[in-house]
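> coords please:
(chains A and B)
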There are 2 protein chains.
Amino acid sequence: MHKSIKLVHNAAGRMVPTEVNGTAVIPYQGVGKYIPKGNKAAPPITSCAHFPADGNKIVGNLKTALEKAGLRNGMTISTHHHFRDGDLVANAVFDAAADLGVKELMWFPSASFPCHAPLIAHLESGVIHHIEGSMNGPLGEYCSRGKMRGLGVLRSHGGRYQAVQDGEVHIDIAVIAAPTADPFGNANGLTGPSACGLLGFALADSQFADKVIVVTDNLVDFPCVPWQIQGNYVDFVVQMDQIGEPQKIVSGTTEITKSPDRLLIAELTTRFVDEAGILKDGFSFQAGAGGTALAFAIFLKELMILRGVKARFIRGGSTKYLVEMLENGLTGYILDGQTFDLEGVRSMRENPGHVNTSPFTSYNYHGKGNFASMVDVVVLGATEVDLNFNANVVTHSDGKLLHGIGGWQNCLFSKCTILPIPSFRDRIPVIVDDVTTLVGPGELIDVIVTERGIAINPGRKDLINAVRHSSLPIRSLEDIKHEVEEICGGEPAKPVMNEEVVAVVKWVDGTVLDCIRKVD
Amino acid sequence: MHKSIKLVHNAAGRMVPTEVNGTAVIPYQGVGKYIPKGNKAAPPITSCAHFPADGNKIVGNLKTALEKAGLRNGMTISTHHHFRDGDLVANAVFDAAADLGVKELMWFPSASFPCHAPLIAHLESGVIHHIEGSMNGPLGEYCSRGKMRGLGVLRSHGGRYQAVQDGEVHIDIAVIAAPTADPFGNANGLTGPSACGLLGFALADSQFADKVIVVTDNLVDFPCVPWQIQGNYVDFVVQMDQIGEPQKIVSGTTEITKSPDRLLIAELTTRFVDEAGILKDGFSFQAGAGGTALAFAIFLKELMILRGVKARFIRGGSTKYLVEMLENGLTGYILDGQTFDLEGVRSMRENPGHVNTSPFTSYNYHGKGNFASMVDVVVLGATEVDLNFNANVVTHSDGKLLHGIGGWQNCLFSKCTILPIPSFRDRIPVIVDDVTTLVGPGELIDVIVTERGIAINPGRKDLINAVRHSSLPIRSLEDIKHEVEEICGGEPAKPVMNEEVVAVVKWVDGTVLDCIRKVD
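A predicted model of the protein is given here:
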């Protein structure tokens, strides 16, 4: 079925389909080139006459809620990854759908994890037709092997908001797992046994889905304050014994890398930020929760203390390290999209300066600006980069789909985007001629930091000039690539891939940036 | 022009037009009877490519912002009444529009006040065609006298959200005056020289208007936290020297009534709430900032202490009296739609239990429920009531339009709606055969408390039973009316009114409940 798809060249020179899962799509046209026409999605108008005056929207169980929400064949059901690999709700939703005899559903998760491997049975039986959303682990592998009937569609966090807002994806029923909720459907992620911090990935779904079901294991009396999800968007509330496995939702501690190479990369990144003049009073940064990014944050913190510099804001994914910076006055605010540890959850619950954000505020490219482009420097990972500074974050060099995009594409709009990456992994070079999958256009990637040197995008003459007289090991990407290939014994083997398309990668504006091929 | 309007009987037996300002309207069909079809308004999709990457949306002045927003003849411009009679922005907007030579604008304020009297000149010159929104004072008088070219349209706070959400009113340009804002357009009302507490009346406008301009006299660096208005909805930010007159925005103190009659009414109301069994642990109430309502709140507070009872939440309009209750643990939360004094502003700024709400969460009848119907008891005013418990809040017995509806209609959905009112004012009886203007259907009004006794709506047998054995002066409304007429020397004179319709009163669902006639 996938083989008959018509492919065209897009502006990045990639071959992409013009139709995905029965809907026409627009090939990528370049950064900022595609200007949307038309209007936002318009959900049905509801009336309070159809809702209980006392605000009690509780129904007996998930199955009843899905029935009352009008679940039927071919609908789109969304869930969210606030509990990461500890989610217990998505599987329960599709078990209930199977019980109800419903088929051909589209699952639209904000992300899926290994804990969702049981859903493969529902893909096999036809309860789920296909998945649009990031597929980490077994579901990615399943898709990679061409077993899913529809195409996978990978979107960034901002792209997911954009797709829902623009009506590209119509959600029939959103199921929002909430650590705390009241019978009206007001909900937050701050307290309860499954506390995860915030519920921002479900915002678009609450605003635009036809029907919204909140599922909680910690029901409180109205009002549930703060209401990160507003009950006025919610149709039904369901109680479950347990919606998430706490130990998998957040790790009690997040660890910095112990690898000497990665510590060196983190140190070089920190020095670059300093010597390029980015580290100054009132600056802002974003770094993830990976080992290298954490090491960068810690080195940066030490340097900030040394220089007497304070940040105006830090963008999270928050960890205990960022919380410490907030509490010690090294930043005015953490603008947080996701809490990665228990300290992050506590801080967001207690500290008004630890602000919960959403893909709408931070990442939606079809808004009136967003936060991502206002960040002075962002530090991100990548599986591959090529000589044009293009980067890949979803497939490995063997072509296998293993990761979601997350906020990665959205963050590229930062004033300075740095990828601190090892120059090779498992003796496979990370700098290649051409990335296996194009996820980030090179024009938005400014600096690549490896343990062998720092490459600055030739388009960023300002950055090149800024560090011209520094002692930093500035090199060309070609140079580093060449050195690495000598160590690894040549260029990496090209992955053996079928021509069959199994998934597409969307750009932040909803256009198709690249596609992912079947791996045998 | 108004005289040719076709009128029909609606379900309340009132004559109403079927067309208002060129648009077909639906006559009132009864409480909960009109079920909307169709979908919400869908604003144009925007792109970050058209907004500054650094988030700086500041333009030189209001005139430039209006030009950039594409202001032209016949557009709808909205402003808001967060500064009440101290607003300096609405007048500046229409002065700028006049400078630009633009005509025939529709002004869509959340409310207007005596400070907006200068806009009469713009109505006269044709810059403003007509006003849809409450008209307190001189503008109401102007409308009453039939001088406005279009019809006035009065909506409740919830009805205004509903009208915008449903696309009944399309706002071309919203101008949001904000006590604090950042260059991205994030804004709040908590700090700055014009602090007013919150900006909830502008929420719908920010979400649905084509263009949004934030005007501030207290610009802060990004991020302005909290963002009661989200910059992601904002097109332009304008700085002005002064956006409001602080002493008129909030009164430093709010005073309880000194009138012995009104104190008696407040006391009877409190006793009713107690003896009807409403006052119990975990209950909730709403009372306004008028003298009688404040006295009620204070008596209720004393009784709560005596009974050892705590409220789960109190709905504001907040005052220092409610803030004291929150701070003394007599309530878990204030769910606040409007801060009426400086203590309210301070408390909302400092106390996470003092929660800012909006017409969307509290009052929108075309949502999936709202807060108003979950409140155990609400205490409201009225200019007139009739024997069917119908009430009027916008006109006086002389027919003159002098007040807006505010949240009054929305609050009627409370589990127990009490109107504590004097039985006569200036020797004019308040209980009449037929209210001059129908604003609240009698079926939603449960109890009328006067200094001469308490009348319970015959439809509320539960309340009648609950106080059957109490010592409260329970009487029929007829009985009280009769006594009052003897004191005042008969029924009040019918107002002398022209047949000409000058304004309509909408119900919470957008249907037309009544119309207001020209007064000579």
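> so residue A:303 makes contact with residue A:272?
No - shown here, residue A:303 and residue A:272 do not form a contact pair, counting by CB atoms under 8 Å, at 11.4 Å. Quick note: C-beta positions are derived from backbone N, CA and C, even for glycine.
> any residues touching the lengthiest strand in chain A, and which ones?
Counting residues, the longest strand found in chain A (DSSP state E) is strand A:497-506. Outside strand A:497-506, the residues within contact range by CB atoms under 8 Å, 6 or more residues apart in numbering or on different chains are A:2-3, A:5, A:7, A:16-17, A:20, A:25, A:143-146, A:148, A:151-156, A:159, A:163, A:394, A:399, A:401, A:405, A:437-439, A:512-520.
> in three-state terms, label the residue at minimal distance from the centre of chain A for me.
Central residue of chain A (CA atoms, centre = their mean): residue A:406, 1.4 Å from the mean position. At residue A:406, secondary structure determined by DSSP: H, G, I helix; E, B strand; the rest coil is coil.
> who are the contact partners of it?
Here residue A:406 is in contact with A:111, A:134, A:156, A:157, A:393 (criterion: CB under 8 Å, 6+ apart).
> show me which of residue A:303 and residue A:272 is the more surrounded one.
Set residue A:303 next to residue A:272 and count neighbours by other CB atoms under 10 Å in any protein chain shown: residue A:272 wins out with 25 against 15.
> state the distance from the more buried one to residue A:261.
According to CB to CB, to the nearest Å, residue A:272 and residue A:261 sit 16 Å apart.
> for the stretch 251-400 of chain A, which segments are assigned as strands?
Assigned by DSSP state E, counting those that start in this stretch, the strands in the stretch 251-400 of chain A fall at A:283-287, A:311-315, A:331-336, A:354-356, A:377-379, A:384-386, A:391-392.
> just checking the distance from the fifth one to the centre of its chain.
Read it as strand A:377-379. Computed by CA atoms, centre = their mean, to the nearest Å, the chain-centroid distance of strand A:377-379 equals 16 Å.
> so which other helices or strands are in contact with it?
Strand A:377-379 is packed against strand A:283-287, strand A:417-420, with contacts defined by 3 or more CB pairs under 8 Å, 6 or more residues apart in numbering or on different chains; DSSP states H and E.
> tell me the strands beside it, with direction?
Note on strand A:377-379: by DSSP bridges, its sheet partners are strand A:283-287 (parallel), strand A:417-420 (parallel).
> re earlier: the helices and strands packed on strand A:377-379 into JSON lines, with extra columns for mean pLDDT and mean neighbour count?
What follows is those, written out as JSON lines (pLDDT from 0 to 100; neighbours: other CB atoms under 10 Å in any protein chain shown):
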{"stretch": "strand A:283-287", "mean pLDDT": "97", "mean neighbour count": "25"}
{"stretch": "strand A:417-420", "mean pLDDT": "98", "mean neighbour count": "27"}
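> one step back: and the strands paired with strand A:377-379: which comes nearest residue B:99?
Closest to residue B:99 of the strands paired with strand A:377-379 is strand A:283-287 (CB to CB; 38.7 Å).
> and the contacts of that closest one?
Counting by CB under 8 Å, 6+ apart, A:273, A:293-294, A:296-297, A:300, A:309, A:311-317, A:374-379, A:411, A:414 sit against strand A:283-287.
> SS state for the closest residue to chain B within the stretch 101-250 of chain A?
Proximity of the stretch 101-250 of chain A to chain B (CB to the nearest CB) peaks at residue A:232, 4.4 Å away. At residue A:232 the chain is in helix, as set by three-state DSSP.
> contacts only, for it.
A:185, B:360, B:361, B:364, B:367, B:368, B:369, B:370.
> give me the spatial nearest neighbour of it, chain neighbours excluded.
residue B:367 (4.4 Å; CB to CB, 6 or more residues apart in numbering or on different chains).
> can I assume that neighbour is in contact with residue A:44?
No - using CB under 8 Å, residue B:367 and residue A:44 do not qualify as a contacting pair, with a distance of 11.7 Å.
> of these two, who's got more company?
For residue B:367 and residue A:44, the more surrounded residue by other CB under 10 Å is residue B:367, and the numbers stand at 26 against 11.
> how about the more buried one, what does it touch?
Taking CB under 8 Å, 6+ apart, one finds A:46, A:48, A:232, A:233, B:360 in contact with residue B:367.
> how about residue A:201?
Per CB under 8 Å, 6+ apart, neighbours of residue A:201: A:80, A:81, A:82, A:110, A:111, A:157, A:160, A:358, A:359.
> mind checking the SS state of the third one?
Meaning residue A:82. Classification of residue A:82 by three-state DSSP places it in coil.
> distance of it from residue A:381?
Distance, residue A:82 to residue A:381, by CB to CB: 21 Å.
> which of these two has more neighbours?
Counted by other CB under 10 Å, residue A:82 and residue A:381 do not tie: residue A:82 has more neighbours, with 29 against 17.
> is it correct that the more buried one is in contact with residue A:203?
No - contact status for residue A:82 versus residue A:203: not in contact, 11.4 Å apart, counting by CB under 8 Å.
> about what we covered before: report the buried members of the contacts of strand A:497-506.
Buried members of these, scored by 16 or more other CB atoms under 10 Å in any protein chain shown, are A:2, A:5, A:16-17, A:20, A:25, A:143-144, A:146, A:148, A:151-156, A:159, A:163, A:394, A:399, A:401, A:405, A:437-439, A:512-519.
> enumerate the residues of the stretch 201-350 of chain A near chain B.
A:212, A:221-223, A:225-227, A:230-235, A:282, A:312-313, A:333, A:335 (CB under 8 Å from any CB of the partner chain).
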